[in-house]
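Q: Sequence first, then the predicted structure:
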Protein chains: 2
Amino acid sequence: MLLENNLLAERNRGFLEALNVYCLNLVSSPGSGKTTLLEQTIKLLKPKVGLAVIEGDQQSMNDADRIAAMEVPVVQVNTGKGCHLDAHMVSHAIKKMELIKDSILFIENVGNLVCPAMFDLGENKRVVVVSVTEGDDKAMKYPYMFESSHVCIINKIDLLPYVNFDVETAKKHALRINHRLEFFELSATSTQGMDAWVHWLTDQCR
Amino acid sequence: MLLENNLLAERNRGFLEALNVYCLNLVSSPGSGKTTLLEQTIKLLKPKVGLAVIEGDQQSMNDADRIAAMEVPVVQVNTGKGCHLDAHMVSHAIKKMELIKDSILFIENVGNLVCPAMFDLGENKRVVVVSVTEGDDKAMKYPYMFESSHVCIINKIDLLPYVNFDVETAKKHALRINHRLEFFELSATSTQGMDAWVHWLTDQCR
């Protein structure tokens, strides 16, 4: 089943490449702030580049409604009892939405720091989001997600004064698992640190 | 495979019943504060009743070390790529540790709001922990966990002034999925609300 997923993921990769669509797969625990991060990212990027979003959740249209309100094309995939998006779901979604050439496609995966690690969707880069309220030991406990990601966003840094979280410890643990990880420290709510992230995104799709 | 799990879960239930061990299965997203909640609960309960803990994580002995430091019997189960504890792992764990009669066994599941919902471990009650930093829409997006739980702990209420979380909205969503849910609002860090939870626990194992 994983082999089948991986084949279809490569097909998605080819499809997106043909349109020069740069694709990011956002993974995290539930409630790490992926949707708020997307909203803020869209606000800053939309004047510069075409955008589209695939939203994954077990249930509800909540997140898709939030993205649609920003007038960005969005498809909601409800996985039901499923714990992750797979390449098959993404394959349907990218054919359903009218992707623009030279754009960025964000996939917000189901909130789950475990299972989505094993499912390539055909993305260019995988971005793991951790929030400072979750503790700085997450990479040690859930290493596969950090191993398979390219970028690590440390979110909700506006809450650092109120929680027991050491940014350097969190990075150290994550780098021990994957020394190639690139980090962004930001708060999607206060917008602190958003510029560096958006700058990096703009660079990727040149 | 689920049928096999359910049969073994019933066997665990019988084993624990014979020793009058009251068993709770703690489930949540990663970083919702389950281990800190356990530490505080142990501090308050240990003088009154025998306790034991099974710790589930993909990797690391971190949580077991924290519990062992409180001189409570503990077994760490590392699931590797696995995304949940199953009845088979718990069956081994309860035979490995010397359970005391008339005690409470806490199982801290792998941090995952999705997959552990489907695996009965043989517990008396399932307790879903959500923290106020995760947003008040979790029950809508991950209904199966809330449907299968008996108790919902709303944790980290000391952070309410700094986040966008409405306790009544969170409860309303959860009750729509499962109208039998009992709630505790507390902060394991500030210890606010811990008394009601510990009182309830003491009542359960009478």
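A: Here it is on my side, so go on.
Q: for the most centrally placed residue in chain A, what are its contacts?
A: With distances taken as CA atoms, centre = their mean, residue A:26 lies nearest the centre of chain A, 1.1 Å away. By CB atoms under 8 Å, 6 or more residues apart in numbering or on different chains, residue A:26 lies in contact with A:34, A:37-38, A:106-109, A:127, A:129. All C-beta atoms are positioned from the backbone trio N, CA, C, and that covers glycine.
Q: who does it bridge with?
A: residue A:108, residue A:127 (DSSP bridges).
Q: now residue A:53
A: residue A:74, residue A:106.
Q: Up against chain B, what does chain A have?
A: A:29-32, A:57-60, A:62-63, A:81, A:83, A:110-115, A:118, A:130-131, A:133-135, A:137-138, A:140-144, A:156, A:158-159, A:162-164, A:189 (CB under 8 Å from any CB of the partner chain).
Q: how about low-confidence regions in chain A?
A: A:206 (pLDDT under 70).
Q: among the contacts of residue A:26, who's most crowded?
A: residue A:109 (29 neighbours; other CB atoms under 10 Å in any protein chain shown).
Q: doesn't residue A:56 make contact with that one?
A: Yes: contact criterion CB atoms under 8 Å: residue A:109 and residue A:56 qualify, at 5.1 Å.
Q: who does the top helix by length along chain A touch, helix- and strand-wise?
A: As assigned by DSSP state H, the longest helix anywhere in chain A is helix A:2-18. Contacting helix A:2-18 under the criterion 3 or more CB pairs under 8 Å, 6 or more residues apart in numbering or on different chains; DSSP states H and E are the following elements: strand A:22-28, helix A:87-96.
Q: at 7 Å instead, please
A: Secondary-structure packing of helix A:2-18 (3 or more CB pairs under 7 Å, 6 or more residues apart in numbering or on different chains; DSSP states H and E): helix A:87-96.
Q: which residues in chain A form strands?
A: Remark: strands assigned in chain A by DSSP state E are A:22-28, A:51-57, A:74-78, A:104-108, A:125-131, A:151-155, A:182-185.
Q: now those strands as JSON lines including distance to residue B:22?
A: Output for those, formatted as JSON lines (distance: least, CB to CB, whole Å):
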{"stretch": "strand A:22-28", "distance to residue B:22": "34"}
{"stretch": "strand A:51-57", "distance to residue B:22": "34"}
{"stretch": "strand A:74-78", "distance to residue B:22": "36"}
{"stretch": "strand A:104-108", "distance to residue B:22": "39"}
{"stretch": "strand A:125-131", "distance to residue B:22": "33"}
{"stretch": "strand A:151-155", "distance to residue B:22": "38"}
{"stretch": "strand A:182-185", "distance to residue B:22": "43"}
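Q: of all those, which lies closest to residue B:73?
A: strand A:125-131 (31.3 Å; CB to CB).
Q: tell me which residues in that closest one are buried?
A: A:126-131 (16 or more other CB atoms under 10 Å in any protein chain shown).
Q: Stretch A:183-196 too?
A: A:184-189, A:193-194.
Q: Would you point out the most distant pair within the residues you listed?
A: A:184 and A:189 (14.8 Å).
Q: for the buried residues of strand A:125-131, which one is nearest chain B?
A: Set against chain B, the nearest of the buried residues of strand A:125-131 by CB to the nearest CB is residue A:131 (6.6 Å).
Q: was I right about the closest one contacting residue A:156?
A: Yes: counting by CB atoms under 7 Å, residue A:131 touches residue A:156, with 4.1 Å between them.
Q: what do the two both touch?
A: residue A:33 (CB atoms under 7 Å, 6 or more residues apart in numbering or on different chains).
Q: sorry, back to before: out of the strands of chain A, flag the one nearest residue A:68.
A: strand A:74-78 (5.3 Å).
Q: What is the burial count for residue A:13?
A: Residue A:13 is flanked by 17 other residues according to other CB under 10 Å.
Q: excluding its backbone neighbours, what's nearest it?
A: residue A:122 (4.2 Å; CB to CB, 6 or more residues apart in numbering or on different chains).
Q: returning to what we had before: spell out which residues are contacts of both of residue A:109 and residue A:56.
A: residue A:85.
Q: For the residue nearest to residue A:13, which residues are in contact?
A: A:9-10, A:12-13, A:16, A:23, A:87, A:90.
Q: any chance of the residues you listed in TSV, plus distance to residue A:203?
A: Listed next are the contacts of residue A:122 as TSV, based on distance: CB to CB, whole Å:
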residue	distance to residue A:203
A:9	24
A:10	25
A:12	23
A:13	20
A:16	18
A:23	16
A:87	26
A:90	24
